[in-house]
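S.K.: quick one, fold the following:
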Amino acid sequence: MMDLENLEDVVTQFHLGNRNEYDKFLVKLKSYSSPTPTGYVLDDAALVSYLKQLGKCATLLNRQCSDLVFAILKIDWLSKDKTTLNEFHNFVCELVSAQTFYFLQNVLEAFALLFRPKDPNSTVPDKIEITNVHKIAFDRLHGTLLAVLKAVPTSRPLLCDVLCKRCPHIEVTQTYSQLAYVSNVLKLTLHPTEILSQKLRRELIQLVVSHLIKLDALVARDELLESEGLISAENQISKGTTSTQKHAKTLDVLMTNLFNYIAEQCFRDGTFDLSSGKKLYLDLLAAFDHLLLRTQKSCHVQFLLFYICSLSKTFAEGFVNFLWEKLENPATEPIYREMAAMYVASFLARAKYVSIGSIKNRMLKMKDWIDRYIALSYDLGVDPNPVHHGPFYSVCQALFYLFTFRHKELLDTEKGRQFCKSLNFQRIVASDLNPLRFCRPLIAVGFSAVVRNNYIAMCDTILEKNRRCFIPELTDSSMHFSSLVFPFEPYLLPQSSFYITPIFQEYVYPEIFEMAPEHNTIEVEELSFMDIDDEEHEILTINPVSSCNIESLSSTG
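M.R.: As a prediction, this is how the structure comes out:
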């Protein structure tokens, strides 16, 4: 029988080549993590004794003892009591201090795996939350991980790589496991800056945002809108078996968790904390710059910025200024400039908390930028082409969209009407670059109806002429322009929509919305240009009716 008080001697003998007692001990140790019965029945008191002894001889646990160390790290520590976890804490600290080179990464990976436990519930509840048992265990494990980061500063840059490597696989991992993992990564960002640098904090937030974007890309928006029974009477995503439903449920839970995190960090005792909120806003803005602005398949994750901007006028103005600087910078790739234009328009159109004064100021900047571009195009004699002038057409479309969306507020007073006339839409639409030709058809038609009914500009002749003209098929390099969408479309996840619905502006159709030409093929009832279908856009854009070539577009003004 092995003497539990002399494990140091067992390890010493193992290094001398006598491994009989070592192997017996290893079998006992593996009984804690192995699903296969080993014939041993061990309680936590024995485990505590083992950890105490092994911590005292951590200097002996070199690479040859890796199987022993791995057996300890594989134990389900989330199910252990406080005393056992405290002893595990002491053992890990001794181990990484004595054997940093051999076991530091293994320890970090063990923590990453512990951060993503399986759901203890056998059934799938309507509301998925981390259990109290796991919350308590996570708190103690975070204390241990914090001690490791303090004891071994070189572990800090390694942490993010390990967490990324062990990030749950979206297709096969339970919602509960993903929620636990995301919650624990976010919890790490709360550690003091002397332990967790601002750079590492941002990397961790970007890790979470990246995970959500991958999940969001799998949630087909069209299927969410069309699938019958996807949203039940209780306003919960139904427990269907389709992949979209599963991913939507998971994304809804994770987005709720992120919104909660933002609210908790930005408010202290019910009062908005500008300092803490600004730090988080800048972290999310960095994630937006590196990740969200570079993807077109995300429908929901960008609402993290939408929500945090609602908490402070400074954040909202900063977000729009950031986007505008991207758009104005000629060194920025055209696709990102175009995306920035779509974000500016969509954000200003949908955010209830943005004042009409701020919208007017931004519209003036857009109009001035367009005027300068048109003036330059006259000097250079350029032809209309979405490949060469993508940012220009994106800004024009953004201005038309924003005006149409907010026209009731803009035209509410005589002063507002004069402001709208000062935008000089007629000069823009009649320019040789012909921006209406490359707008999404429903936006062009909607804008035309609003400006006509309010005697601001006349676009019907231009639309009709465009409709008769032949536009060559777009090349692959330019298809991205026609595929861009306005990012802040109606939010479809029911649970997390609690944070978005009060601050989200729905589109209100004009009371008078008549089409001037009787032969228009687009019905007024179908004019839902705030939620545009790409297939419909493609059909309407490439619609040769006559043999007119692209050069004839220059005469539309």
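S.K.: correct me, but Cys160 touches Arg201?
M.R.: No. With contacts counted by CB atoms under 8 Å, Cys160 stays clear of Arg201, the gap being 9.7 Å. The way it works is simple: take the backbone N, C-alpha and C, and place the C-beta from them, glycine included.
S.K.: which residues touch stretch 410-423?
M.R.: Identification of contacts with stretch 410-423 by CB atoms under 8 Å, 6 or more residues apart in numbering yields 356, 359-360, 363-364, 367, 399, 403, 407, 409, 454, 456.
S.K.: farthest-apart pair in the residues you listed, please.
M.R.: Spanning the widest gap among those are Leu364 and Asn454, at 18.4 Å by CB to CB.
S.K.: ok, the two, which is more surrounded?
M.R.: More neighbours surround Asn454 than the other of Leu364 and Asn454, with 16 against 13 (other CB atoms under 10 Å).
S.K.: helix, strand or coil for Glu194?
M.R.: Here Glu194 is recorded as coil under DSSP: H, G, I helix; E, B strand; the rest coil.
S.K.: can you check Ala340 too?
M.R.: Ala340 ends up helix, using three-state DSSP.
S.K.: thinking it is in contact with Val320, fair?
M.R.: No. Using CB under 8 Å, Ala340 is not in contact with Val320, being 9.9 Å away.
S.K.: contact partners for Ala137?
M.R.: 77-80, 85.
S.K.: what do you get if the cut-off is 10 Å, keeping everything else the same?
M.R.: Neighbour list for Ala137: 76-82, 85, 114, 117, 131 [criterion: CB atoms under 10 Å, 6 or more residues apart in numbering].
S.K.: equivalent analysis for Lys165, please.
M.R.: 105, 108-109, 112.
S.K.: could you dump those residues to JSON lines with pLDDT, neighbour count and secondary structure?
M.R.: Output for those, formatted as JSON lines (pLDDT from 0 to 100; neighbours: other CB atoms under 10 Å; DSSP: H, G, I helix; E, B strand; the rest coil):
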{"residue": "Gln105", "pLDDT": "95", "neighbour count": "16", "secondary structure": "helix"}
{"residue": "Leu108", "pLDDT": "97", "neighbour count": "23", "secondary structure": "helix"}
{"residue": "Glu109", "pLDDT": "96", "neighbour count": "16", "secondary structure": "helix"}
{"residue": "Ala112", "pLDDT": "95", "neighbour count": "21", "secondary structure": "helix"}
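S.K.: about what we covered before: need the overlap of contacts for Cys160 and Arg201.
M.R.: Leu188.
S.K.: low-confidence bits of this protein, can you list those?
M.R.: 1-5, 34-42, 122-127, 227-241, 381, 470-483, 509-557 (pLDDT under 70).
S.K.: strands along that one, start to end?
M.R.: Taking DSSP state E, the strands of the chain run over residues 267-268, 271-272.
S.K.: and among those, the most buried is which?
M.R.: Highest mean neighbour count among the strands of the chain (mean count of other CB atoms under 10 Å): strand 267-268, with a mean of 13.
S.K.: which outside residues touch stretch 192-200?
M.R.: By CB under 10 Å, 6+ apart, the residues outside stretch 192-200 that reach it are 146-147, 149-150, 153, 156-157, 159-160, 188-191, 201, 203-204, 279, 282-283, 286.
S.K.: just the buried residues from those residues, in PyMOL please.
M.R.: The following PyMOL line selects those of those that are buried, judged by 16 or more other CB atoms under 10 Å:
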select buried, resi 147+149+156+159+160+188+189+191+201+203+204+279+283+286
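S.K.: just the ones of the contacts of stretch 192-200 in helices?
M.R.: Among the contacts of stretch 192-200, the members found in helices (DSSP state H) are 146-147, 149-150, 156-157, 159-160, 188, 201, 203-204, 279, 282-283, 286.
S.K.: and the helices in the stretch 51-200 of the chain?
M.R.: 66-73, 82-98, 100-114, 132-151, 155-165, 175-188, 198-217 (DSSP state H, counting those that start in this stretch).
S.K.: let me have those in TSV, extended by distance to Pro384.
M.R.: Below are the helices of the stretch 51-200 of the chain laid out as TSV (distance: least, CB to CB, whole Å):
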stretch	distance to Pro384
helix 66-73	64
helix 82-98	64
helix 100-114	53
helix 132-151	58
helix 155-165	45
helix 175-188	47
helix 198-217	33
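S.K.: so which of the ones you listed is the most packed in?
M.R.: helix 175-188 (a mean of 22).
S.K.: what packs against that helix?
M.R.: Counting contacts by 3 or more CB pairs under 10 Å, 6 or more residues apart in numbering; DSSP states H and E, helix 175-188 is packed against helix 100-114, helix 132-151, helix 155-165, helix 198-217, helix 243-266.
S.K.: now those as a markdown table including distance to Ile503?
M.R.: Converted to a markdown table, those look like this (distance: least, CB to CB, whole Å):
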| stretch | distance to Ile503 |
| --- | --- |
| helix 100-114 | 35 |
| helix 132-151 | 30 |
| helix 155-165 | 32 |
| helix 198-217 | 20 |
| helix 243-266 | 12 |
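S.K.: so which of those helices is nearest Leu291?
M.R.: With CB to CB as the measure, helix 198-217 is the member of those nearest Leu291 (5.6 Å).
S.K.: how far away from the center of its chain is the closest one?
M.R.: 7 Å (CA atoms, centre = their mean, to the nearest Å).
S.K.: do the same with stretch 135-143
M.R.: The chain centre lies 27 Å from the centre of stretch 135-143; the measure is CA atoms, centre = their mean.
S.K.: now the buried members of the contacts of stretch 410-423.
M.R.: For these, a burial check counting by 16+ other CB under 10 Å picks out 359-360, 363, 367, 399, 403, 407, 454, 456.
S.K.: so for Asn184, which of the helices and strands packed on helix 175-188 sits nearest?
M.R.: With CB to CB as the criterion, Asn184 lies closest to helix 132-151 of those, at 6.0 Å.
S.K.: just want the angle from that closest one to helix 175-188.
M.R.: Note on geometry: by axes from the mean of the first three to the mean of the last three CA atoms, to 10 degrees, helix 132-151 and helix 175-188 are set 40 degrees apart in direction.
S.K.: how far off centre is helix 132-151?
M.R.: The answer for helix 132-151 is 27 Å, by CA atoms, centre = their mean.
S.K.: with only the CA atoms kept, save that helix in CSV.
M.R.: Presented in CSV, the C-alpha positions along helix 132-151 are these (Å, rounded to 0.1, in the frame of the first residue of the first chain):
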residue,chain,number,x,y,z
ASN,A,132,-24.6,28.8,-9.5
VAL,A,133,-22.2,25.8,-9.0
HIS,A,134,-20.3,26.7,-12.1
LYS,A,135,-20.3,30.4,-11.2
ILE,A,136,-18.7,29.8,-7.9
ALA,A,137,-16.1,27.4,-9.4
PHE,A,138,-15.3,29.9,-12.2
ASP,A,139,-14.7,32.6,-9.6
ARG,A,140,-12.1,30.4,-7.8
LEU,A,141,-10.5,29.3,-11.1
HIS,A,142,-10.1,33.0,-12.1
GLY,A,143,-8.4,33.6,-8.9
THR,A,144,-5.9,30.9,-9.7
LEU,A,145,-5.4,32.1,-13.3
LEU,A,146,-4.8,35.6,-12.0
ALA,A,147,-2.1,34.3,-9.6
VAL,A,148,-0.5,32.5,-12.6
LEU,A,149,-0.5,35.7,-14.6
LYS,A,150,1.1,37.5,-11.7
ALA,A,151,3.7,34.9,-11.0
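S.K.: contacting residues for Ser33?
M.R.: Counting by CB under 10 Å, 6+ apart, Ser33 touches 70-77.
S.K.: repeat that with 7 Å
M.R.: Residues in contact with Ser33 (CB atoms under 7 Å, 6 or more residues apart in numbering) are 71, 74-76.
S.K.: just the helices in the stretch 251-400 of the chain please.
M.R.: Going by DSSP H, counting those that start in this stretch, the stretch 251-400 of the chain shows helices at 274-290, 303-309, 313-328, 334-350, 356-380, 390-410.
S.K.: thanks a lot, see you next time.
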